[in-house]
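> Okay, here's the prediction I keep looking at, along with the sequence it came from:
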Amino acid sequence: MAKSENIVWHDSQVMKEHRRKLNNHKSAVVWFTGLSGSGKSTISVALEKELYQMGVRTYRLDGDNIRHGLNKNLGFSPEDRKENIRRIGEVSKLMVDAGLLTLSAFISPYREDRDDVRSLLGDHEFIEVFVDASVETCESRDPKGLYKKARAGEIKGFTGIDAPYEAPVNPEITVDTDKQSLAESVAEIVAYLKGQGYLE
Ligand SMILES: Nc1ncnc2c1ncn2[C@@H]1O[C@H](COP(=O)(O)OS(=O)(=O)O)[C@@H](OP(=O)(O)O)[C@H]1O
Ligand SMILES: Nc1ncnc2c1ncn2[C@@H]1O[C@H](COP(=O)(O)OP(=O)(O)O)[C@@H](O)[C@H]1O
């Protein structure tokens, strides 16, 4: 895939560790994966607000938003989803290098694609959060009316209906939004970040 040749890496004198020290917290990507309507966006928005109030520097990457710009040329075939996640993995890596606690919320339905992002990042820089909810729950929420369209055959290859979702095998965190409230999910993630020393 690589087409670039004759390119040489140019190092900075200000490095990730310096930026982390300035920020007074570690940087990492909190990677939300789950079905459409499981709560990825809702939880990441609420988490970001809480972290901001704690003085943590964050940035949120979200499927719907990134597909308006950087990834507007990608659809929902398995190949396009793979490229979507690959690019977001690279963007997340840049954000982590910039010293930010990055919140990435993408369906990211394929285990292999998520594991590729994990491999791209350093040890403890990829925190996988499985936003678990049954298809029935997500379909009953249907915040954008997309399940209705998928059932009517107006959207083909919709995750959970006629396209696969591969749940994480060993995520760092699972939040079960069938059972947990939004506040409980946010508290669980903040407790993990504190407990693992990300927030100093
Ligand atoms: N076919 C199909 N399948 C799933 N989702 C679809 C589809 N078509 C459009 N949408 C809308 O796109 C959002 C998912 O984008 P992502 O970039 O997160 O998807 S992926 O990770 O590449 O699978 C998803 O957003 P969320 O509901 O926030 O998950 C939908 O709003
Ligand atoms: N416990 C919960 N956690 C998160 N969202 C919930 C919960 N219960 C109900 N919801 C609702 O479910 C919907 C989830 O939508 P969204 O956050 O856009 O999901 P996703 O980003 O995974 O597609 C929102 O309308 C949200 O208010």
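Okay, I see it. Ligands and ions are numbered 1, 2, ... in the order given.
> so what pLDDT did the closest residue to Arg67 other than its chain neighbours get?
Ranked by Cβ to Cβ, 6 or more residues apart in numbering and with sequence neighbours excluded, the top spatial neighbour of Arg67 is Leu74, at 6.9 Å. (C-beta placed from N, C-alpha, C; glycine too.) The per-residue pLDDT reported for Leu74 equals 98.
> list the contacts for Leu74?
Under the criterion of Cβ atoms under 8 Å, 6 or more residues apart in numbering, the neighbours of Leu74 are Arg67, Asp80, Arg81, Glu83, Asn84.
> what's the weakest-modelled helix or strand in the chain?
In the chain, no helix or strand scores lower on mean pLDDT, DSSP states H and E than helix 63-66, which sits at a mean of 92.
> hmm, who's touching the helix or strand that it is followed by?
Scanning the chain past helix 63-66 towards its C-terminal end, the next helix or strand to appear is helix 78-97 (assignment: DSSP states H and E). For helix 78-97, the surrounding residues in contact (Cβ under 8 Å, 6+ apart) are 16, 19, 27-29, 31, 59, 61, 63, 66-67, 70-71, 74, 102, 104, 106-110, 113-114, 116-117, 120-122, 125.
> Beta-bridge partners for the most centrally placed residue in the chain, please?
The chain has Ser104 as the residue nearest its centroid, 2.7 Å off, counting by Cα atoms, centre = their mean. With beta bridges defined as DSSP bridges, Ser104 has these partners: Trp31, Leu61.
> thought it was touching Thr33?
No - shown here, Ser104 and Thr33 do not form a contact pair, counting by Cβ atoms under 8 Å, at 9.1 Å.
> For the residue in the chain positioned nearest to ligand 2, which non-adjacent residue is spatially closest?
For the chain and ligand 2, the shortest gap (Cβ to the nearest ligand atom) falls at Gly39, measuring 2.9 Å. Closest residue in space to Gly39, ignoring its immediate chain neighbours: Thr177 at 4.2 Å, by Cβ to Cβ, 6+ apart.
> Name all residues that make contact with that neighbour.
Residues near Thr177 by Cβ under 8 Å, 6+ apart: Ser38, Gly39, Ile43, Val131, Asp132, Ala133, Thr137, Ser185.
> Could you check how far the second one is from Asp132?
Here the criterion is Cβ to Cβ, to the nearest Å. By it, Gly39 lies 9 Å from Asp132.
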